[in-house]
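From the sequence below, what's the structure:
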Amino acid sequence: MKGSKGIFREIKTCYAFIERDIKWSKKFLIWESTFVFYAMIHVLTIGYIGVASEDYSMVIYLIVGAMLWDFLSTLYETLADSVSYEWEEGTIESTLMAPIRIVTFLIGTSIYAIIYAVVEFFLLILVAVLFFNIDFESANIFSALFIMLLSTLSFIGLGMMGAGLPLLSPRKGREAGQVFIGFLFLISGIYYEVDILPVWMQSISVFSPATYALISIRTALLNNTSLSEMLPA
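Take a look at the predicted model:
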């Protein structure tokens, strides 16, 4: 009985953090809308680079890279910035000293980050379909979504690591996180194959979860590849 009460209390606490973050987004709705609009502009810009190549598969290739990276980086930044926002608002001490588990705080923030990133992702899909007449009928949507779900877990882990940087340096930890995510952007093959990178960068790219996510999702969408076909023989 005590165990069930404890679990119920943790769930309520998680929900409280989710509700707090949603209200926080509503408070800064104009800024949040600006960030989403920027993501749309980014996808359109990259998409028209593909259109200029007069290769439909290149349009899909680039747009998938832009949308997936926006999704994963939004996950990472929402989690990594959670501690920075607490510090800026002057509530970090009260949050850490409250009778709640840090894990509960991170889980609640992670769920909010997933909700935020998924909503933005589907808005970007809508923009891509409207502007580029993308046809997903021949794509393996199930495989792409399943792989995206797996990559979500890995980037949540990276986001939790990034969330600890402001604790080490409240004023510069957030910038250090941006350097880290920028380096992942470079080595993960967002807009190009990792094969064109220098050998030493290729050796590092194997440690980026985004590398495998992009390759697998592009294979599923462009070649209609199933999950079983992606497994190593």
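
what packs against the longest helix along the chain?
The helix spanning the most residues in the chain, taking DSSP state H as the definition, is helix 56-89. In terms of contacts (3 or more CB pairs under 8 Å, 6 or more residues apart in numbering; DSSP states H and E), helix 56-89 is packed against helix 29-52, helix 92-97, helix 102-132, helix 141-163, helix 165-168, helix 173-187, helix 209-223. All C-beta spots, glycine's among them, are computed from the backbone N, C-alpha and C.

just those: most buried one?
Among the helices and strands packed on helix 56-89, ranked by average contacts under mean count of other CB atoms under 10 Å, first place goes to helix 209-223 (a mean of 20).

and for that helix, what are the contacting residues?
Outside helix 209-223, the residues that touch it by CB atoms under 8 Å, 6 or more residues apart in numbering are 57, 60-61, 64-65, 68-69, 72, 136, 139-141, 143-144, 147-148, 150-151, 154-155, 158, 184, 187-190, 194, 205, 225-226, 230.

Point out where the chain drops to low pLDDT.
With pLDDT under 70 as the threshold, the chain has low-confidence stretches at 1-6, 83-93, 95-96, 163-164, 166-174, 231-233.

which residue is nearest the centroid of it?
In the chain, the residue lying closest to the centroid (CA atoms, centre = their mean) is L72, at 1.8 Å.

List the contacts of it.
Each residue near L72 by CB under 8 Å, 6+ apart is listed here: A117, S151, T152, F155, A210, A213.

can I get those residues in a markdown table with distance to L123?
Conversion of the contacts of L72 to a markdown table gives the following (distance: CB to CB, whole Å):
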| residue | distance to L123 |
| --- | --- |
| A117 | 11 |
| S151 | 19 |
| T152 | 17 |
| F155 | 19 |
| A210 | 21 |
| A213 | 20 |
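
Looking at those residues, spot the one nearest A176.
A176 lies nearest to F155 out of the contacts of L72, by CB to CB, at 17.1 Å.

check contacts around the closest one.
Residues near F155 by CB under 8 Å, 6+ apart: L72, L75, Y76, P209, A210.

Ok, E137 next?
E137 is in contact with no residue at all, counting by CB under 8 Å, 6+ apart.

any idea how far it is from G159?
From E137 over to G159 the distance is 34 Å, taken as CB to CB, to the nearest Å.

picking that back up, any idea how far the longest helix of the chain is from the middle of the chain?
When distances are taken as CA atoms, centre = their mean, to the nearest Å, helix 56-89 is centred 4 Å away from the chain's centroid.
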